[in-house]
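# This is the structure alone, sequence omitted:
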């Protein structure tokens, strides 16, 4: 897959459940943080967009959990984007453990942009 952005992170102890693995909900935090950093890297400022009445929101998330991460694991979250129709922006994201490049999570995140509360094909998002 041709990724356009990646972000490295490490698992923190408090992100793990009683089984000693990253809790499933935490992966959404990793994915969201990566999306936000990507958008920042292409010059999109959430505060400025909000002042203009432009709000990107998640419409749907599909996540396949392949293998668990554990405390101290380092990983990289990679993404690419595509458009789906006129209004939907799709983020295709994968998380890989750095020690062995094993695919940990595969996700498809569909977002829409609201302009003053209504779905819009915002030209602010150059995808």
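Received the coordinates, thanks. All values reported here derive from a predicted model rather than from experimental measurement.

# Number of residues surrounding residue 93?
27 (other C-beta atoms under 10 Å). C-beta coordinates here come from the backbone N, C-alpha and C atoms, glycine included.

# same deal with the one 5 residues further on?
A count of neighbours around residue 98, defined by other C-beta under 10 Å, yields 13.

# The closest residue to it other than its chain neighbours and residue 100, how far apart?
The spatial neighbour of residue 98 that comes closest, neighbours along the chain excluded (C-beta to C-beta, 6 or more residues apart in numbering), is residue 74 at 4.4 Å. Residue 74 sits 11 Å away from residue 100, going by C-beta to C-beta, to the nearest Å.

# Looking at the two, which one has more neighbours?
residue 74 (12 against 7).

# Tell me the helices and strands packed up against the top helix by length along the chain.
The longest helix of the chain (DSSP state H) is helix 24-41. Counting contacts by 3 or more C-beta pairs under 8 Å, 6 or more residues apart in numbering; DSSP states H and E, helix 24-41 is packed against strand 5-10, strand 54-65, strand 74-84, strand 88-97, strand 103-115.
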